[in-house]
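*Asks:* need coordinates for the following:
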Amino acid sequence: MQRLYDFIRRHPTGVDSFWAVLFFGISMIAVVGNPGTSTALRLATVPVVIALTAALALRRKWTQAMFWTTVGAGVWQLAFGIEAQVCDVAMLVVLFTVAAGDVPRWVSRAALGVGLLASPVYFARFGVDKGISFTQSVVFALMVIVPFALAWVTGDSLRTRRAYYAQLVERNQRLEKEREAQGKVAVAAERARIARELHDVVAHNVSVMVVQADGAAYVMDVAPEQAKEALQTISGTGRQALAEMRRLLGVLRTGEPQDSEDYVPQPDVEQIEVLVEQVRASGLTVDFVVEGTPRKLPSGVELTAYRIVQEALTNTRKHGGPEAGASVRLVYFDDGLGLLVEDDGRGAAHELYEDGGADGAGHGLIGMRERIGMVGGTLDAGPRPGGGFRISALLPLKKR
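*Replies:* From the prediction side, this is the model:
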């Protein structure tokens, strides 16, 4: 049964042609076998049969043309006094096809008007000749209007459903394209985030390792114990950098268990103190102050705060000079977290913060602004009065 249904759907014109041939045969038998009809009337009926059966066969292929063909056949019948034939059923089918088809709306409305007028005009032409009273003709004509109206209403409903379905398909395709575009944007954003994370991890930890390595080489002969401590700091810093890099690069892989030891938690505000201790161990003097009541913050805000402090202290080591000192101040407000990182060094080159904060790798303060922008915060960075550099940030609890 399903194969038959699929065949009918694939060959609609062939199916219509089959029914047209069947109706043509039945109609011609009825015309020839009617003893009360003159030969001239029979001959005049043949074009009507041919036109209506042809319209039935080709109604889906040339809908509008076949509609006007049926109208012409109907006018021909009225003109020559040809009463209703078996093939006149094609008028209902063509009316349904016009209402359901892809034709201009005025054609569909014209088809409805012709269908509603067909019955009254027919009975006005033939009803009185048969001896039927005027009232009976009117009532019967109104009853025959019903099939024409139903044919048009059914076809128009089918057209509406098809249009609605086509609209749903188009909307679904549009949503898929938008979803694909959003996916590409998300991938690009994720890659940018990973690039920022890698920059912060590498810049900070490698700077610590370089400083410790230089110190170890300097005191290797005169203070072996200090050199040993420096090497241990280098080892621990390297392991920490590798663990964070594994966590970041792990999101680019598939099939990796998320609870693997290669994945470590993202840095948060509580680890800023550990970061400060690590920087102190590398030889940079850092004061650390927390004001307000510490509390749990959104993960995005905590990671942003950690990375800003990390980047600021890294920049102090890179640009502050050998005698520079720094201070880190965290302030918990009711509606956000304030950060203030200052140093008393010579500061970065003026063009770095004037041009947006790009360092040699194209990140630096630009990366800070991007991070803060993602959480809806504000950043103020520039030279400090009296020398040095200051970075001030406000991270709201809710993105504005």
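*Asks:* ok, which stretches of the stretch 251-400 of the chain are strands?
*Replies:* Using DSSP state E, counting those that start in this stretch, the strands of the stretch 251-400 of the chain run over 285-291, 325-332, 336-343, 378-383, 389-396.
*Asks:* ok, which of those strands comes nearest residue 41?
*Replies:* Ranking these by proximity to residue 41 (C-beta to C-beta) places strand 389-396 first, at 91.7 Å. C-betas here are computed from N, CA, C, even on glycine.
*Asks:* need the contact partners of the closest one.
*Replies:* Strand 389-396 has contacts (C-beta atoms under 8 Å, 6 or more residues apart in numbering) with 301, 304-305, 308, 312, 315-316, 319-320, 335-343, 345, 347-348, 365, 368, 372, 375-384.
*Asks:* that older thread, can I get the strands of the stretch 251-400 of the chain in CSV including mean pLDDT, distance to residue 174 and mean neighbour count?
*Replies:* Compiled in CSV, these are given as follows (pLDDT from 0 to 100; distance: least, C-beta to C-beta, whole Å; neighbours: other C-beta atoms under 10 Å):
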stretch, mean pLDDT, distance to residue 174, mean neighbour count
strand 285-291, 91, 51, 14
strand 325-332, 91, 46, 18
strand 336-343, 91, 39, 22
strand 378-383, 88, 37, 15
strand 389-396, 90, 35, 21
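*Asks:* residue 27 is nearest to which of those?
*Replies:* Of those, nearest to residue 27 by C-beta to C-beta is strand 389-396, at 82.2 Å.
*Asks:* the closest one pairs with which strands?
*Replies:* strand 336-343 (antiparallel), strand 378-383 (antiparallel) (DSSP bridges).
*Asks:* relative to residue 215, which of the ones you listed is closest?
*Replies:* Ranking the strands paired with strand 389-396 by distance to residue 215, with C-beta to C-beta as the measure, places strand 336-343 first at 19.6 Å.
*Asks:* thinking again about what came up before, just put the strands paired with strand 389-396 in TSV and tack on distance to residue 135.
*Replies:* Below are the strands paired with strand 389-396 laid out as TSV (distance: least, C-beta to C-beta, whole Å):
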stretch	distance to residue 135
strand 336-343	87
strand 378-383	88
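*Asks:* circling back to that earlier point, okay if I get the strands of the stretch 251-400 of the chain as a markdown table plus distance to residue 117?
*Replies:* Listed next are these as a markdown table, based on distance: least, C-beta to C-beta, whole Å:
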| stretch | distance to residue 117 |
| --- | --- |
| strand 285-291 | 89 |
| strand 325-332 | 83 |
| strand 336-343 | 76 |
| strand 378-383 | 75 |
| strand 389-396 | 72 |
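*Asks:* looking at those strands, which is nearest to residue 163?
*Replies:* Across these, residue 163 has its closest neighbour in strand 389-396 (47.7 Å, C-beta to C-beta).
*Asks:* what's the helix or strand where residue 144 lies packed up against?
*Replies:* Using DSSP states H and E, residue 144 maps to helix 134-219. Counting by 3 or more C-beta pairs under 8 Å, 6 or more residues apart in numbering; DSSP states H and E, the packing neighbours recorded for helix 134-219 are helix 89-100, helix 105-126, helix 224-250, helix 272-281, helix 299-319, helix 365-374.
*Asks:* could those go into TSV alongside mean pLDDT?
*Replies:* Below are the helices and strands packed on helix 134-219 laid out as TSV (pLDDT from 0 to 100):
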stretch	mean pLDDT
helix 89-100	88
helix 105-126	84
helix 224-250	71
helix 272-281	86
helix 299-319	83
helix 365-374	77
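*Asks:* out of these, which gets nearest to residue 179?
*Replies:* helix 365-374 (21.7 Å).
*Asks:* got the CA coordinates for the closest one in CSV?
*Replies:* Output in CSV follows, covering the C-alpha atoms of helix 365-374 (Å, rounded to 0.1, in the frame of the first residue of the first chain):
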residue,chain,number,x,y,z
LEU,A,365,45.8,45.5,28.3
ILE,A,366,43.7,44.7,25.2
GLY,A,367,43.2,41.2,26.7
MET,A,368,42.2,42.8,30.0
ARG,A,369,39.6,45.0,28.4
GLU,A,370,38.2,42.0,26.5
ARG,A,371,37.9,40.0,29.7
ILE,A,372,36.3,42.8,31.6
GLY,A,373,33.9,43.6,28.8
MET,A,374,32.7,39.9,28.8
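*Asks:* count of neighbours near residue 155?
*Replies:* 22 (other C-beta atoms under 10 Å).
*Asks:* I'd say it and residue 103 touch.
*Replies:* No: applying C-beta atoms under 8 Å, one finds residue 155 not in contact with residue 103, separated by 10.6 Å.
*Asks:* which residues does residue 346 contact?
*Replies:* 319, 320, 321, 324, 387, 388.
*Asks:* give me the buried entries from those.
*Replies:* Those of the contacts of residue 346 that meet the buried threshold are 319, 320, 324, 388, by 16 or more other C-beta atoms under 10 Å.
*Asks:* what angle do the helix holding residue 144 and helix 365-374 make?
*Replies:* Using axes from the mean of the first three to the mean of the last three C-alpha atoms, to 10 degrees, the inter-axis angle of helix 134-219 relative to helix 365-374 is 140 degrees.
*Asks:* and the angle from helix 134-219 to helix 272-281?
*Replies:* Using the same axes, to 10 degrees: helix 134-219 against helix 272-281 is 30 degrees.
*Asks:* ok, back up a step: format the contacts of residue 346 as a markdown table; extra columns: distance to residue 125.
*Replies:* A markdown table is the format used below for those (distance: C-beta to C-beta, whole Å):
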| residue | distance to residue 125 |
| --- | --- |
| 319 | 103 |
| 320 | 106 |
| 321 | 110 |
| 324 | 109 |
| 387 | 109 |
| 388 | 106 |
